[in-house]
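A.B. asks: Next input, structure requested:
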Amino acid sequence: MNADHGQKILWLASWYPNRRDRTDGDFIQRHARAVARFCMVHVISVLKNDDTAVPVEEEMKVEGNLTEQIIYYTSPKTGIRLLDRFLSQRIYRECCRKAIAAYIEKNGKPGCVHVHVAMKAGLAALWIKNKWDIPFVITEHWTGYYRQAVPSIFNFNWLFRYLNKKILKEARYFLPVSKDLGETVKREFAAIPYHVIPNTVDTDLFYFKPWQPVKFRFIHVSYMNHQKNPEDIIKASALLMQKGYDFEVLMLGNKPQKLLDLAIESGLHDKVLIFKEAVPYAEVARHMQDSSAFILFSWFENLPCVILEAFCCGLPVISSQVGGIAEVVEDKNGILVESGQPEQLAIAMQKLIDNYSSYNRKVIAGEAASKFNYDIVGNQFLEVYNKIKG
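C.D. replies: This is a model prediction of the structure:
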């Protein structure tokens, strides 16, 4: 690892971990930590926060080559929706421009600007490009480009779609985290070339541990929202239990009452299904290492970090075949099934239990770590920056 301390990259993040939600855009933060192994990274993320009377607050954290600058702003409320949105957007723009100008005054012009999630941080990248002639690249993580997503960009107003498209088209490089997302944007939204650079995994936390629980344990990690479709995991578990299989499913994340009620109705609560509240990132790794396999049964996805993390722990994965998941899940490391079909999911769970010895967990972990660790992914971004620099 050879950090180029002379190369400075300014990151503009639409999402980023913050004091209200430490998991918001945490995959972007991991990208930042990966890139900071090779060059100086300064992240600016401007977020609205109406929970304080202070107009503008700022958090600054410096760790090695990585500087994280989180700016919180409040916006006046007039009761007129369009006016409130206009005022909020104006304050957001002012905060962005002030922080960017201060950064450039102190550090000089960066080699390039790296936007994470086009809207709305990309608006500031357009301003920088016009004012200082500094190119920008975009890493896109948003599932909203899929028509079946909730929310979907196709349900936003024309101005949002126009600006989003303008940002994408003016970027020097478009870097989706999966081929499927790149093709979807190209086909459905903006006909632009792309180069895939995947999500990354902290392999100091997520790694193979040669241990198996006494009872076969599936683990599912999510906020248990509509996208993740936890209801069908419960239905599939009930079907598998009826066949006499002895197993458990750890549902790690939120504990919505409707899911608890469904589990109780199915006779699974505290027998097969174990619900736990969200835990710190390092504890997620420990729970994965203490499990046998991972389940994700979403209605729509991009390239979920949890699947990559599960692989790095050596877990075979059962997942719905949506988004970019088929790009990483194959026969030797998991099973793909059609979304919204709990019967298929139950069959896949049974198949995985019956054939578990055919999965080489150590190989699964090694192959995943070799593709998604910080050095590998960080170096891919560095190559893009060097193309711009050259």
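A.B. asks: Which parts of the stretch 101-250 of the chain are helices?
C.D. replies: For the stretch 101-250 of the chain, applying DSSP state H, counting those that start in this stretch gives helices covering 118-132, 158-170, 179-188, 230-242.
A.B. asks: how about a markdown table for those helices, with mean neighbour count and distance to I307 added?
C.D. replies: Any C-beta I mention is one placed from the backbone N, CA and C, and that applies to glycine too. As requested, those are exported to a markdown table (neighbours: other Cβ atoms under 10 Å; distance: least, Cβ to Cβ, whole Å):
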| stretch | mean neighbour count | distance to I307 |
| --- | --- | --- |
| helix 118-132 | 19 | 24 |
| helix 158-170 | 16 | 26 |
| helix 179-188 | 18 | 13 |
| helix 230-242 | 21 | 15 |
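A.B. asks: Put together JSON lines for these, with distance to A32 and mean pLDDT on each row.
C.D. replies: Below are the helices of the stretch 101-250 of the chain laid out as JSON lines (distance: least, Cβ to Cβ, whole Å; pLDDT from 0 to 100):
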{"stretch": "helix 118-132", "distance to A32": "13", "mean pLDDT": "98"}
{"stretch": "helix 158-170", "distance to A32": "20", "mean pLDDT": "97"}
{"stretch": "helix 179-188", "distance to A32": "20", "mean pLDDT": "97"}
{"stretch": "helix 230-242", "distance to A32": "30", "mean pLDDT": "97"}
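A.B. asks: can I get those helices in a markdown table with distance to I100?
C.D. replies: Output for the helices of the stretch 101-250 of the chain, formatted as a markdown table (distance: least, Cβ to Cβ, whole Å):
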| stretch | distance to I100 |
| --- | --- |
| helix 118-132 | 6 |
| helix 158-170 | 16 |
| helix 179-188 | 26 |
| helix 230-242 | 41 |
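A.B. asks: Which one, of those, ends up nearest to N373?
C.D. replies: helix 179-188 (20.0 Å; Cβ to Cβ).
A.B. asks: Could you report the neighbour count for K77?
C.D. replies: If you count neighbours by other Cβ atoms under 10 Å, K77 ends up with 12.
A.B. asks: Helices of the stretch 251-390 of the chain, residue ranges please.
C.D. replies: Assigned by DSSP H, counting those that start in this stretch, the stretch 251-390 of the chain shows helices spanning 257-265, 281-289, 305-312, 342-354, 361-372, 374-389.
A.B. asks: relative orientation of the longest one and helix 361-372 in degrees?
C.D. replies: Counting by axes from the mean of the first three to the mean of the last three Cα atoms, to 10 degrees, helix 374-389 points 20 degrees away from the direction of helix 361-372.
A.B. asks: In helix 374-389, which residues are buried?
C.D. replies: 374, 376-382, 384-385, 388 (16 or more other Cβ atoms under 10 Å).
A.B. asks: In TSV, list those along with pLDDT and distance to G111.
C.D. replies: Formatted as TSV, these follow (pLDDT from 0 to 100; distance: Cβ to Cβ, whole Å):
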residue	pLDDT	distance to G111
Y374	98	20
I376	98	21
V377	98	19
G378	98	15
N379	97	16
Q380	98	16
F381	98	12
L382	97	11
V384	97	11
Y385	97	6
I388	94	7
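A.B. asks: Of these, just say which sits nearest to S45.
C.D. replies: When those are compared against S45 (criterion: Cβ to Cβ), the nearest one is F381, at 17.7 Å.
A.B. asks: re the thing from before, return the most buried member of the helices of the stretch 251-390 of the chain.
C.D. replies: helix 305-312 (a mean of 26; mean count of other Cβ atoms under 10 Å).
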